[in-house]
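**Student:** The amino acid sequence is not available; the structure is as follows:
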């Protein structure tokens with residue numbers, strides 16, 4: 001080597017070192033395979049990416065380096081090394097480095113046709129992939145929070161609408177009994193003010209009966225509204241624990257026996273032969289079951305029958321109330337479980353109610369992951385009930 005060549009070699013060395021430094025800072029490395037799939041060259045920056053030394057990988061075949069160049073669990077699709085290598089470029093994938101560190105890399109073929117080798121640029125894209133994962137997780141979390149807010153907003157809207165409907169219904173339904181009070185009190189005031197008026201005890205007794213009935217009607221309306229309000233409020237703090245539903249049904253059956261007897265109804269209960277348990281809230285379930293039994297008695301004319309029975313079907317407790325009552329017109333059945341809806345007919349026009357009971361039942365059963373049961377034929381009777389999943393032993 002003559003003296004003139006030394007500066008040229010120094011320049012080439014400096015250029016090489018500069019290239020290596022640029023690759024190291026950028027997180028890149030250069031590799032070269034021959035056409036037989038043997039790795040014949042790798043830049044000094046490759047070990048900092050994959051954790052293996054150059055001695056670990058130089059001279060090895062591509063098939064022996066699949067843990068570096070293909071995604072974990074990937075099954076090769078091509079027999080030819082070059083086709084397989086080309087198919088994997090610009091596909092970020094996870095590798096496990098020699099020291100067990102998890103990294104993401106991608107590589108891209110360098111289009112160079114001056115020799116018979118395959119050159120590729122490998123990049124450590126761990127930071128980018130982690131950032132993309134973090135962004136994706138944040139997007140998913142934001143979407144979940146947005147959906148929660150949307151659900152809460154819709155729930156608040158429904159509750160506000162329900163409260164508005166309650167006020168409207170109360171104002172409408174309380175007007176009639178209040179009118180009875182006002183009318184009778186005005187008449188009594190005039191009669192008491194007139195010294196010559198002799199108050200007939202029979203007429204007075206009839207007026208008191210009217211006032212008593214009006215009071216009962218207002219009491220029922222207020223109780224229905226408060227019952228629904230209580231259930232809605234308690235739902236937010238309900239404790240769902242393993243409960244046996246049969247004792248609840250048996251207790252309510254006893255409670256309603258006097259009411260059924262007063263209408264000469266054939267009132268029967270078929271209970272479960274052995275204890276079964278569901279996950280539920282006793283207060284809510286009792287309210288729902290009481291509504292179904294009360295409705296059956298209310299809408300069954302004297303001398304009819306109301307049968308209550310329980311069974312286990314398809315890993316669910318099956319509860320049903322069957323009556324021989326008035327039944328519900330087919331064209332009114334679709335809206336039956338809407339709040340404040342009453343399926344009035346000529347036969348049931350005289351029966352008072354708020355239209356909140358079945359809406360309450362529907363909400364309670366849905367909160368218990370249950371399914372409503374309903375069928376009715378006008379003039380023949382109705383079936384109301386539900387299925388709730390059993391606790392799996």
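**Tutor:** Good, I have the coordinates. These numbers come from a predicted model, not from an experiment.
**Student:** element containing residue 113?
**Tutor:** Using DSSP states H and E, residue 113 sits within no helix or strand.
**Student:** Now it. Its backbone dihedrals?
**Tutor:** With angles defined as degrees, to the nearest 10, residue 113 sits at phi -110, psi 20.
**Student:** ok, now how distant is it from residue 391?
**Tutor:** 71 Å (CB to CB, to the nearest Å). In short, each C-beta sits where N, CA and C put it, glycine included.
**Student:** When the two are compared, which one has more neighbours?
**Tutor:** Ranked by neighbour count (other CB atoms under 10 Å), residue 113 and residue 391 place residue 391 first, with 13 against 5.
**Student:** does that one really touch residue 278, like I thought?
**Tutor:** Yes. Using CB atoms under 8 Å, residue 391 is in contact with residue 278, at 6.2 Å.
**Student:** what's the overlap in contacts for the two?
**Tutor:** residue 242 (CB atoms under 8 Å, 6 or more residues apart in numbering).
**Student:** Report all helices and strands that the helix or strand hosting residue 308 contacts.
**Tutor:** Following DSSP H and E, one finds residue 308 within strand 305-313. Contact analysis of strand 305-313 by 3 or more CB pairs under 8 Å, 6 or more residues apart in numbering; DSSP states H and E lists helix 245-262, strand 266-270, helix 282-298, strand 316-323 as its packing neighbours.
**Student:** ranking these by mean pLDDT, which is last?
**Tutor:** With a mean of 88, helix 282-298 has the lowest mean pLDDT of the helices and strands packed on strand 305-313.
**Student:** That one - contacts with which helices or strands?
**Tutor:** helix 201-235, helix 245-262, strand 305-313, strand 316-323, helix 357-367, strand 381-389.
**Student:** what angle sits between that helix and strand 316-323?
**Tutor:** Calculated by axes from the mean of the first three to the mean of the last three CA atoms, to 10 degrees, helix 282-298 forms an angle of 30 degrees with strand 316-323.
**Student:** Output the below-cut-off pLDDT ranges for the stretch 51-200 of the chain.
**Tutor:** Within the stretch 51-200 of the chain, the stretches with pLDDT under 70 are 71-78, 88-90, 158-176.
**Student:** can you give me the strands in it?
**Tutor:** Residue ranges of the strands in the stretch 51-200 of the chain, as given by DSSP state E, counting those that start in this stretch, are 93-96, 102-110, 118-124.
**Student:** Relative to the second one, what are the paired strands and their orientations?
**Tutor:** Paired strands of strand 102-110, with direction, are strand 93-96 (antiparallel), strand 118-124 (antiparallel) (DSSP bridges).
**Student:** Show me which positions of that strand end up buried.
**Tutor:** 103-107 (16 or more other CB atoms under 10 Å).
**Student:** which one of these is nearest residue 313?
**Tutor:** The closest of the buried residues of strand 102-110 to residue 313 turns out to be residue 104 (CB to CB; 52.4 Å).
**Student:** doesn't residue 91 make contact with that closest one?
**Tutor:** No. Residue 104 lies out of contact with residue 91 (CB under 8 Å); the separation is 10.4 Å.
**Student:** does residue 303 count as helix, strand or coil?
**Tutor:** Classification of residue 303 using DSSP: H, G, I helix; E, B strand; the rest coil returns coil.
**Student:** hang on, isn't it packed against residue 265?
**Tutor:** Yes. The pair residue 303 / residue 265 is scored as a contact, 7.4 Å apart, by CB under 8 Å.
**Student:** Who has more neighbours out of these two?
**Tutor:** residue 265 (23 against 10).
**Student:** Please check which residues sit opposite residue 389 as beta-bridge partners.
**Tutor:** Beta-bridge partners for residue 389, by DSSP bridges, are residue 316.
**Student:** I am assuming it contacts residue 278, so please confirm or correct that.
**Tutor:** Yes. Residue 389 is in contact with residue 278 according to CB under 8 Å; the separation is 6.8 Å.
**Student:** These two: which is more packed in?
**Tutor:** residue 278 (20 against 15).
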